[in-house]
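**Q** no sequence for this one, just the structure:
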Ligand SMILES: [Zn+2]
């Protein structure tokens, strides 16, 4: 009779240890090394209704993308439900700051600690409460430096900023937006090219032919390429990409043989 409580305690101990080991694995759930070249499509801010409306286009090409959400405290119930739908559909939800503050300016005006406590930690707390565990952060206005990267690396596996295309360069020659597949693991911040206003006309800011050529380059050289946009709509004046143009990009990525990676897929 005296042995039984000991056995019970031992069993409880084993169960507790097993739970702890499992929780530990979930906490550092880093995906495996990438096997194929791919495209990482990202969309910023709070255009959740429009992103959800584009879901049939993503589904048609089995494309999964990353949505970087800002002002999480101001989202209404419909937007929060929309994010859950996007998550269930296999897309990643990343952090884009609580107040869309420019990281370098804010850190210079206060400190890294202050920036993290007003812009990052409250955003993460709200996202966690909504059942979202962001692995990634997109810099508002692409403002970053070594100090901001270092501070944010404690919270996120990868970061995203953006670059313009130099006047004497085309998109396929903009080296910053390409990462060799085997270098993704060690590159904290991946740089994207903006594809808002992309279109078929050669006189537009982002001719589709250059986007297609950039996708082809990534496929040929075993690289990952990153793009970013905002709203997905034909009806607005602000930063947006037309659904028809987005579909052309998805179709070309498939033809080129690229995988669609979300930020959560990146090791
Ligand atoms: Zn933004």
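**A** Thanks, I have the structure now. Small disclaimer: the values here were computed from a predicted structure and weren't measured. Numbering: from 1, shown residues only.

**Q** what's the pLDDT at residue 96?
**A** The model reports residue 96 with a pLDDT of 98.

**Q** Could you double-check that it lies in contact with residue 136?
**A** No: Residue 96 lies out of contact with residue 136 (CB atoms under 8 Å); the separation is 9.7 Å. C-betas here are computed from N, CA, C, even on glycine.

**Q** Can you pull the residues that touch both of the two?
**A** residue 68 (CB atoms under 8 Å, 6 or more residues apart in numbering).

**Q** Beta-bridge partners for whichever residue of the chain sits closest to the ion, please?
**A** Closest to the ion within the chain is residue 44: 4.1 Å, counting by CB to the ion. Legend: beta-bridge partners of residue 44 under DSSP bridges are residue 68.

**Q** which residues does it contact?
**A** Contact analysis of residue 44 by CB under 8 Å, 6+ apart lists 67, 68, 70, 96, 138, 228, 229, 230.

**Q** can you tell me how far the nearest residue to the fifth one once chain neighbours are set aside sits from residue 175?
**A** Once flanking residues are discounted, residue 138 sits nearest to residue 68: 3.8 Å by CB to CB, 6 or more residues apart in numbering. Applying CB to CB, to the nearest Å, one obtains 23 Å for the distance of residue 68 from residue 175.

**Q** what about the strands in the chain?
**A** 38-45, 66-69, 92-95, 136-138, 158-163, 178-180, 189-194, 223-229, 231-232, 240-241, 259-260 (DSSP state E).

**Q** Pairing partners for the last one, with directions?
**A** The pairing partners recorded for strand 259-260 under DSSP bridges are strand 38-45 (parallel).

**Q** Report the angle between the strand it pairs with and strand 158-163.
**A** Per axes from the mean of the first three to the mean of the last three CA atoms, to 10 degrees, the angle that strand 38-45 makes with strand 158-163 is 80 degrees.

**Q** what distance separates strand 38-45 from the middle of the whole chain?
**A** Averaged C-alpha coordinates place strand 38-45 at 6 Å from its chain's average position (CA atoms, centre = their mean, to the nearest Å).

**Q** Any idea how many residues pack against the closest residue to residue 140 other than its chain neighbours?
**A** Distances taken as CB to CB, 6+ apart place residue 100 nearest to residue 140, at 4.5 Å, with adjacent residues excluded. A total of 14 residues lie near residue 100 under the criterion other CB atoms under 10 Å.

**Q** For residue 100, give me the pLDDT.
**A** 98.

**Q** Let me know whether it touches residue 71 as I believe.
**A** Yes: in this structure, residue 100 is within contact of residue 71 by CB under 8 Å, at 6.7 Å.
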